[in-house]
Structure formats: structure tokens, C-alpha cells
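Q: my questions concern the predicted model and sequence given below.
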Amino acid sequence: MIGRLFPYPLLAAAVFLLWILLSGVSAGQCLLAAAASLLVPQVMRPLGPASAEIRWGRAVPRLVGLVLLDILRSNHGPLVMEVNSS
């Protein structure tokens, strides 16, 4: 229930606080700020990011292998170059 009412709670709080800071504190402005803080997250809901799907095929192990190989090369590369240059 709360998730449907406030899909983006930080956005709702930010809208409320900014409304109050920019317009001043009064009963009418607090009601308008509350209405805006309820409405704006509902309007932003369709614009939310789609959930990402990670496919664990060959790409992830290959990428991990390349990163590890790059780490080994970068850490041991200067040692090999110093030995060969002398």
C-alpha cells in the first residue's frame, strides 16, 4: 500500500521540502506541497527504469577472466620490464 502511494519516497520528500522552502510556510502552501508530493511520484512512475536482466552465459566468466588477466599484467608488467632492461 505504501509502495503504491509513494513509489519514490525521496522524491516526494524533496518535492514537499522544496515547495515549502520556496513558497513559505502556511496552511495553504503545506496542503499544496502535500498534494504535489503525492502527485509527482505517481507521474514519474512510468518513467522509472526497467529491471535489468543479467545473462550468465559465456560473457560474464570471460569478462572476469579478462579483468583478472589485466590485473596480473598491470601488477607484474613493470617487474618484467625492469628485469629485461638490465
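A: Right, received. Where do you want to start? Residues are numbered from 1 along each chain as shown.

Q: how near is the residue most central in space within the chain to Tyr8?
A: Geometric centre of the chain, nearest residue: Pro49, 9.9 Å, by C-alpha atoms, centre = their mean. Pro49 sits 12 Å away from Tyr8, going by C-beta to C-beta, to the nearest Å. In short, each C-beta sits where N, CA and C put it, glycine included.

Q: next one: Val15
A: With C-beta to C-beta as the criterion, Val15 and Tyr8 are 10 Å apart.

Q: next, show the common contact partners of the two.
A: Common neighbours of Val15 and Tyr8 (criterion: C-beta atoms under 8 Å, 6 or more residues apart in numbering): Pro41.

Q: ok, these two, which is more surrounded?
A: Val15 (21 against 15; other C-beta atoms under 10 Å).

Q: can you pull the contacts of that one?
A: 33, 36-37, 40-41.

Q: repeat that with 7 Å
A: 36-37, 40 (C-beta atoms under 7 Å, 6 or more residues apart in numbering).

Q: need the buried ones from those selected in PyMOL.
A: In PyMOL, this line selects whichever of the contacts of Val15 come out buried by 16 or more other C-beta atoms under 10 Å:
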select buried, resi 37+40
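
Q: list the buried ones in the strand or helix carrying Leu17?
A: Taking DSSP states H and E as the definition, Leu17 sits inside helix 9-23. Within helix 9-23, the residues that count as buried by 16+ other C-beta under 10 Å are 12, 15-16, 19-20.

Q: name the helix or strand for Leu63, please.
A: helix 59-85.
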